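Novice: Would you be able to build a 3D model of this:
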Amino acid sequence: MSSDAFATTLAATDFIDHASPEVSAFVAEVLPDGGADDRDRAVKLYYAVRDRINYEIYGADFSREALTASQTLQAKRGMCIHKSLVYLAALRSVGVPGRLVLTDVRNHLASDRIKEYVGGDVFHYHALTSVYLDGRWVRATPVFNKLLCRLYGMKPLDFDGTADSVHHPFDEHGARQMEFLREHGEFDDLPYDLVLTGMRREHPGLFAGPDAHRFTAGSLVADAAARRTT
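Specialist: Numbering: from 1, shown residues only. Here you go, the predicted structure:
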């Protein structure tokens, strides 16, 4: 592929603001020596995004500003879309092409409260990433941090830069965990209006109000504790 072919997958955008001080500081902390090569950099950044930014669906802010990589790094929490955009910003800042992948998934481990807000166990516009390494695209999901996985009895998703890291179909006890139902495609930037309109249409109960950009308050950690006592 020519360098021109990668231009859009390396570009800075309003959401993937990889020239921001927050992204630059994050990358410098994770890669103090710059990393050995693209694969090494992609793997180290993956684990940093996965575990240093807490995954939380409750109270998630879907305003344009809050979805920028820089703001998510400040907040140190976010949903799959927030965390995937941070990973893309970090990758692009070190010259590794990346795209956003949007899918619909069925989550068999969703709490009763989440199912009530979502309207079932199908979640629309789940995000992950596609990363160009060693001449091909591989998928990575730097979303569910290690602590949350432990609380929900899930194995955290690992990534070595050579194979897709998408989802574990079963939890640590062999129960069904997550399955992919539909793929919306790969995107060079977040299709904001498509996602926000689709989320409001498919999951109106998640939002604090009909015109709100923020999800209903709560805690996945508290939900996990409630699951253990029932």
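
Novice: Could you tell me which ranges of this structure sit under the pLDDT cut-off?
Specialist: Residue ranges of the chain with pLDDT under 70: 1-3, 108-109, 168-177, 227-230.

Novice: That one: helices as residue ranges?
Specialist: Under the criterion DSSP state H, the chain contains helices at 7-10, 21-30, 38-52, 69-75, 80-93, 112-118, 146-151, 192-202, 220-228.

Novice: can I get the ones you listed in CSV with mean neighbour count and distance to residue 208?
Specialist: Quick note: C-beta positions are derived from backbone N, CA and C, even for glycine. Formatted as CSV, the helices of the chain follow (neighbours: other C-beta atoms under 10 Å; distance: least, C-beta to C-beta, whole Å):
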stretch, mean neighbour count, distance to residue 208
helix 7-10, 16, 34
helix 21-30, 16, 26
helix 38-52, 21, 26
helix 69-75, 22, 17
helix 80-93, 28, 17
helix 112-118, 16, 11
helix 146-151, 16, 22
helix 192-202, 15, 12
helix 220-228, 14, 17
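
Novice: Identify whichever of these lies nearest to residue 212.
Specialist: Across those, residue 212 has its closest neighbour in helix 192-202 (9.3 Å, C-beta to C-beta).

Novice: what angle sits between the closest one and helix 80-93?
Specialist: Between helix 192-202 and helix 80-93, the angle comes out at 160 degrees (axes from the mean of the first three to the mean of the last three C-alpha atoms, to 10 degrees).

Novice: For residue 213, grab phi and psi.
Specialist: Note on residue 213: backbone dihedrals following degrees, to the nearest 10 are phi -100, psi -10.

Novice: Direction included, what does the lengthiest strand in the chain pair against?
Specialist: If you go by DSSP state E, the chain has its longest strand at strand 122-133. Strand 122-133 pairs in its sheet with strand 98-107 (antiparallel), strand 136-140 (antiparallel), by DSSP bridges.

Novice: Quick check: which of the ones you listed is nearest to residue 153?
Specialist: Taking C-beta to C-beta, strand 98-107 is the member of these nearest to residue 153, at 13.3 Å.

Novice: next one: the closest one to chain centre, how far?
Specialist: Centre-to-centre, strand 98-107 and its host chain are 9 Å apart (C-alpha atoms, centre = their mean, to the nearest Å).

Novice: and it with helix 38-52, angle?
Specialist: Angle, strand 98-107 to helix 38-52, by the same axes, to 10 degrees: 40 degrees.

Novice: So which residues make contact with strand 98-107?
Specialist: The contact list for strand 98-107, computed with C-beta atoms under 8 Å, 6 or more residues apart in numbering, reads 9, 81, 84-85, 87-88, 91-92, 121-132, 137, 139, 167, 177-191, 195.

Novice: just the CA coordinates of that strand, formatted as PDB?
Specialist: The C-alpha coordinates for strand 98-107 follow below in PDB (Å, rounded to 0.1, in the frame of the first residue of the first chain):
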ATOM      1  CA  GLY A  98      -6.100   2.200  12.500                       C
ATOM      2  CA  ARG A  99      -9.900   2.200  11.900                       C
ATOM      3  CA  LEU A 100     -13.000   2.100  14.000                       C
ATOM      4  CA  VAL A 101     -15.100  -1.000  13.700                       C
ATOM      5  CA  LEU A 102     -18.800  -0.900  14.700                       C
ATOM      6  CA  THR A 103     -20.900  -4.000  15.400                       C
ATOM      7  CA  ASP A 104     -24.100  -5.200  17.100                       C
ATOM      8  CA  VAL A 105     -23.500  -7.900  19.800                       C
ATOM      9  CA  ARG A 106     -25.500 -10.000  22.100                       C
ATOM     10  CA  ASN A 107     -24.100  -9.900  25.700                       C
END
